[in-house]
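Participant: for reference, the sequence and a predicted model appear below.
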Amino acid sequence: MGDDIRRNMALFPIGIVMKLTDLTARQIRYYEQHELVIPARTGGNQRLYSFNDVERLLEIKDLIEKGVNIAGIKQVLLPVDKDSEDATVVSEQSEVKRRELTDSQLHKMLKQQLIGGGKRPNSVSLIQGELSRFFRK
DNA sequence: ATTCTGACA
DNA sequence: TGTCAGGA
């Protein structure tokens, strides 16, 4: 996919992202501290987000609303590193070589259930129950 | 006018 | 998380 570069192309400042995601600058920056999103920076140290970053933030917002905490989100969303951010292709679909996660399949499922699907009243508690098995510190 | 980091009445 | 300070 060639327009992947466009999705990973840093374009908008935090102000725009705030409106696009309905998140406060505080939250957006906070999530960055926890490496949930790594926006590019301008010469003036201003954050520049790509479409992928925004989508990512929307997913995070979704999970937060579903009661998932940072620790949990870190495990549901694949870790992002400066490379896969604005460099090249690499998205959730690519066969990431992360053996660290013995159950990448489960992660995929959880992600789908948490993000994709609409909102079933019970699935939430169900999911949280399953996740707690991982989030447990 | 905007955004950034650090800090906490 | 909100919000203010103080600088870029």
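Facilitator: On my side now, so go ahead.
Participant: list the contacts of the residue in chain A positioned nearest to DNA strand B.
Facilitator: Closest residue of chain A to DNA strand B, C-beta to the nearest atom of the strand: A:G15 (2.1 Å). No exception for glycine: its C-beta is placed from N, CA and C like everyone else's. When contacts are counted by C-beta atoms under 8 Å, 6 or more residues apart in numbering, A:G15 touches A:A25.
Participant: what about it, which helix or strand?
Facilitator: helix A:14-21 (DSSP states H and E).
Participant: mind listing what's buried along the helix or strand following that helix?
Facilitator: Next in sequence after helix A:14-21, counting helices and strands by DSSP H and E, comes helix A:25-33. Buried residues in helix A:25-33, defined by neighbour count with 16 or more other C-beta atoms under 10 Å: A:Q27, A:I28, A:Y31, A:E32.
Participant: pLDDT and distance to A:N52 added to the residues you listed, as JSON lines?
Facilitator: Listed next are these as JSON lines, based on pLDDT from 0 to 100; distance: C-beta to C-beta, whole Å:
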{"residue": "A:Q27", "pLDDT": "97", "distance to A:N52": "18"}
{"residue": "A:I28", "pLDDT": "97", "distance to A:N52": "14"}
{"residue": "A:Y31", "pLDDT": "96", "distance to A:N52": "14"}
{"residue": "A:E32", "pLDDT": "96", "distance to A:N52": "14"}
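Participant: where do the strands sit along chain A?
Facilitator: Under the criterion DSSP state E, chain A contains strands at A:40-41, A:47-48.
Participant: quick one: closest of the ones you listed to A:L11.
Facilitator: strand A:47-48 (6.5 Å; C-beta to C-beta).
Participant: could you give the mean pLDDT of stretch A:59-75?
Facilitator: Averaged over stretch A:59-75, pLDDT sits at 86.
Participant: hmm, A:Y49 is touching A:I14, no?
Facilitator: Yes. Under the criterion of C-beta atoms under 8 Å, A:Y49 makes contact with A:I14 at 7.3 Å.
Participant: from the strands of chain A, which stretch is densest packed?
Facilitator: strand A:47-48 (a mean of 20; mean count of other C-beta atoms under 10 Å).
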